[in-house]
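K.L.:
predicted structure and sequence below. I'll ask about it afterward.
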Amino acid sequence: MAACGETAPRRFPAGEIVGQNVDLGHLLREGRSFEVAPNNWQTVKVAIVGGGVAGLSAAWKLTNENFNDFVLLELEKEVGGTSQSGQGTPVGYPWGAHYLPVPFKENTELVGLLDEMSLLEGRETSDEWRVKEQFLCREPEERIFYKGRWYDGLYLHAGESEEDKRQFAEFQKHVDRWVNWRDVSGRRAFVVPVANCSDDAEATALDRISFADWLRQNGFTSERLIWYCDYGCRDDYGLKLEQTSAWAGLFYFCARVRASGNESQKFITFPEGNGRFVNHLFDRVKEKVQKSHAAVSLVPTENGVEVICLDGGEFRGFRCEKVIFASPILTAPFVIRGFADEAPFAAGEFQHNAWFVANLFLKDRPSTRFARDFPLSWDNVLYESPSLGYVNATHQKGIDYGPTTLTYYYPMCHEADGRTKLFNYTWHELADVCLTDIARAHPEIYDLCERLDIMRWGHAMISPRPNFIWSGIREKAIRPWRNIHFAHTDLSGIALFEEAFYHGLKAAGEAVGQMHDR
Ligand SMILES: Cc1cc2nc3c(=O)[nH]c(=O)nc-3n(C[C@H](O)[C@H](O)[C@H](O)COP(=O)(O)OP(=O)(O)OC[C@H]3O[C@@H](n4cnc5c(N)ncnc54)[C@H](O)[C@@H]3O)c2cc1C
């Protein structure tokens, strides 16, 4: 027992660092050559390298087109990449991506996936698809913790001055203008997928400055407005305001709004987040998937590509006509032979940031401390914190009592060389960051949390820093090189389910299309 005046030591839950094979990077950087025994070669028409959303979507497309001569190689024990999830009691939980905004009707292939998953129930009068109520994020959606209290929403209205109100309204006018903006061809400045955005100079000039500079240039000084924009950048990009391009900053606010005055598209979510989509895609293509198969060498040949992968301790080879490269783009020079010499595009410019995600398994949920506190929501954000707060896994199931799982998100953007630091921290140190942060709002978290597992994402998301998205770098990477078709969300400069899905489908269509053309 603690003596008088001493604080009782805080009880840490059980837990561990899970996931992510960090040894592969070292193996690839060694630049070794890999020998495959003659009887370990197979022939397939297409090999997909990477089983995240992009790779699985490519496989889904091939399967839908009755093209079955392919294999998908995934280095981890599970598919899904940054959209993977865990199974638990009372519900599953995400390890990364946790929602998808309802796509516009023009995104027909994504609408097709939602239809195939039985998520739709007809059309609205406006012709937009209607998603079944049980899959749309239920109320209360989000709340924010500020100076000891929880408030409704993400933007902190409580205590705002007249000047804060004026600036918030003014910011909204800018958003409305960009939502309604069209170029001479009728294209929007901001829409999902990025491939459909206008390349008109008026819009793309925004990519040359940071979002922080854009706010300054437009006279925005309101602390809470700046916080709100900074939160958006951290949330979708894992970057601070001054690290994010103004184009990407406005994309966050405009791309999912149909017309000015409309609300942003509603969110589709599940307890296990976008793991639901991953599991559906995987179910459709699982016969073709080889897990724990790291592609270590892609050797372009005259007629195709030889893919060498590490299967346990053994090397296996696939002779293919085409490869769909759905792994992070920055790994291309390490995996693809001859890439570094010829450098068809600047793969090193596809820079990622680092995050950690913690799942906290609670025996009961935190209590509401003040009668006027806004209740536990799906998304629970802490204003005075470098984290993004936590998402409640049981929310969507309507289970509002008893055990739950909270998923806590922490981008390493506040630290110089965040990736190295992330991998130097022990489980105990990261758990301490997480628990100390959540304890501001829920001091009882130490008693409630029975287990806390952590996933470190060394290469979590592409960074849409200034002068990247519209610099021309992506354009070159989108083109196939020596029978290798690139297909990672990186190609959009923005990490989103929709972008990975788009590139997966595009690469699959092009790879098979070219084979048919011959
Ligand atoms: C913390 C976090 C939260 C997010 N939240 C959301 C969200 O709510 N909504 C949303 O839309 N998006 C979100 N995202 C982004 C989203 O997860 C991604 O955009 C999308 O899942 C990317 O899919 P991908 O297939 O392009 O890439 P990845 O997820 O990076 O998948 C690449 C795959 O390739 C595999 N691989 C790598 N190298 C090799 C190799 N040599 N051989 C074989 N396999 C290899 C990897 O193991 C991985 O499975 C989030 C991302 C993170 C990190």
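P.N.:
Sure thing, it's come through.
K.L.:
ok, which residues in the stretch 51-200 of the chain are in contact with the ligand?
P.N.:
51-55, 73-76, 81-83, 96-100 (Cβ under 6 Å from any ligand atom). Bear in mind the C-beta positions are built from the backbone N, C-alpha and C, glycine included.
K.L.:
looking at those residues, which are in strands?
P.N.:
Assigned to strands by DSSP state E, the following of these qualify: Leu73, Leu100.
K.L.:
check which helices and strands the longest strand seen in the chain is in contact with.
P.N.:
Longest strand of the chain, by residue count under DSSP E: strand 449-462. Packing partners of strand 449-462 (3 or more Cβ pairs under 8 Å, 6 or more residues apart in numbering; DSSP states H and E): strand 17-18, strand 352-362, helix 418-424, helix 427-439.
K.L.:
tell me if the second one is near the ligand.
P.N.:
Yes. Using Cβ under 6 Å from any ligand atom, a contact is recorded between strand 352-362 and the ligand, made by Trp355, Val357.
K.L.:
so what strands line up beside that strand?
P.N.:
strand 404-411 (antiparallel), strand 449-462 (antiparallel) (DSSP bridges).
K.L.:
out of those strands, deepest packed?
P.N.:
Mean neighbour count (mean count of other Cβ atoms under 10 Å) peaks for strand 404-411 among these, with a mean of 25.
K.L.:
what does that strand contact?
P.N.:
Contact with strand 404-411 is made by 88, 90-91, 93-95, 98, 234, 238-239, 271, 273, 353-362, 365, 380, 386-394, 418, 433-434, 437-438, 460, as judged by Cβ atoms under 8 Å, 6 or more residues apart in numbering.
K.L.:
one more: stretch 325-337?
P.N.:
Where contact means Cβ under 8 Å, 6+ apart, the residues beyond stretch 325-337 that reach it are 25, 28-29, 31, 48-52, 54-55, 58, 295-300, 339-340, 343, 347-348, 350-352, 459, 477, 484-488, 490-491, 503-504, 507.
K.L.:
could you rerun that using 7 Å?
P.N.:
Contact partners of stretch 325-337, identified using Cβ atoms under 7 Å, 6 or more residues apart in numbering, comprise 28-29, 48-50, 52, 54-55, 58, 295-300, 339-340, 347-348, 350, 352, 459, 477, 484-488, 490-491, 504.
K.L.:
of the residues you listed, just the buried ones, ChimeraX syntax please.
P.N.:
Entered in ChimeraX, the line below selects the buried ones among the contacts of stretch 325-337, by 16 or more other Cβ atoms under 10 Å:
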select :28,48,49,50,52,54,55,58,295,296,297,298,299,300,339,347,350,352,459,477,484,485,486,487,488,490,491,504
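K.L.:
among the contacts of stretch 325-337, which lie within helices?
P.N.:
The helices, defined by DSSP state H, take in Leu28, Arg29, Ala54, Gly55, Ala58, Phe339, Ala340, Ala477, Gly504 from the contacts of stretch 325-337.
K.L.:
just for this protein, where's the confidence low?
P.N.:
Along the chain, segments meeting pLDDT under 70 span 1-9, 20-23, 25-26, 29-31, 516-518.
K.L.:
related to what we said a few turns ago, dump the helices and strands packed on strand 449-462 into JSON lines; add distance to Ala205 as well.
P.N.:
Formatted as JSON lines, these follow (distance: least, Cβ to Cβ, whole Å):
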{"stretch": "strand 17-18", "distance to Ala205": "43"}
{"stretch": "strand 352-362", "distance to Ala205": "24"}
{"stretch": "helix 418-424", "distance to Ala205": "29"}
{"stretch": "helix 427-439", "distance to Ala205": "38"}
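K.L.:
how far off centre is the longest strand of the chain?
P.N.:
13 Å (Cα atoms, centre = their mean, to the nearest Å).
K.L.:
which stretches of the stretch 51-200 of the chain form helices?
P.N.:
With DSSP state H, counting those that start in this stretch as the criterion, the stretch 51-200 of the chain has helices at 53-64, 108-116, 162-180.
K.L.:
most tightly surrounded among the ones you listed?
P.N.:
helix 53-64 (a mean of 27).
K.L.:
same for that one, what does it pack against?
P.N.:
When contacts are defined as 3 or more Cβ pairs under 7 Å, 6 or more residues apart in numbering; DSSP states H and E, helix 53-64 sits against strand 46-49, strand 70-73, helix 275-285, helix 497-517.
K.L.:
quick one: residues contacting Leu136.
P.N.:
Leu136 is in contact with Lys266, Phe267, Ile268, counting by Cβ under 7 Å, 6+ apart.
K.L.:
skipping adjacent residues, who's closest to Pro480 in space?
P.N.:
Glu510 (6.6 Å; Cβ to Cβ, 6 or more residues apart in numbering).
K.L.:
ok, the one you found touching His485?
P.N.:
Yes. Counting by Cβ atoms under 7 Å, Glu510 touches His485, with 5.6 Å between them.
K.L.:
measure Ala507 to Ala54 for me?
P.N.:
8 Å (Cβ to Cβ, to the nearest Å).
K.L.:
anything in contact with each of the two?
P.N.:
By Cβ under 7 Å, 6+ apart, Ala507 and Ala54 have these common neighbours: Ala487.
K.L.:
rewinding a little: just the helices and strands packed on strand 449-462: most buried one?
P.N.:
Of the helices and strands packed on strand 449-462, the one with the most neighbours on average (mean count of other Cβ under 10 Å) is strand 352-362, at a mean of 24.
K.L.:
okay, now Ser264: neighbour count?
P.N.:
Neighbours of Ser264 under the rule other Cβ atoms under 10 Å: 16.
K.L.:
run through the bridge partners of it.
P.N.:
Per DSSP bridges, the residues bridged to Ser264 are Val257.
K.L.:
show me which residues of the stretch 201-350 of the chain sit near the ligand.
P.N.:
Contact residues, the stretch 201-350 of the chain versus the ligand (Cβ under 6 Å from any ligand atom): Asn274, Ala294, Ala295, Ala326, Ser327, Pro328, Thr331, Val335.
K.L.:
and those residues, which two are the farthest apart?
P.N.:
Distance extremes for these: the farthest pair is Asn274 and Val335 at 25.5 Å, using Cβ to Cβ.
K.L.:
out of these two, which sits in the busier spot?
P.N.:
Higher neighbour count among Asn274 and Val335: Asn274, with 26 against 20, using other Cβ under 10 Å.
K.L.:
that one reaches Pro101, doesn't it?
P.N.:
No. Counting by Cβ under 7 Å, Asn274 does not reach Pro101; the two are 11.6 Å apart.
K.L.:
and the closest residue to Ala431 other than its chain neighbours, bridged to which residues?
P.N.:
Nearest residue to Ala431, sequence neighbours excluded (Cβ to Cβ, 6+ apart): Leu452, at 5.1 Å. Note on Leu452: beta-bridge partners by DSSP bridges are Leu360.
K.L.:
for Leu452, what are its contacts?
P.N.:
By Cβ under 7 Å, 6+ apart, the neighbours of Leu452 are Pro13, Gly15, Ala358, Leu360, Ala431, Cys434.
K.L.:
which one of these is nearest the ligand?
P.N.:
Of all the contacts of Leu452, the ligand sits closest to Ala358, with 10.8 Å by Cβ to the nearest ligand atom.
K.L.:
no more questions from me, cheers.
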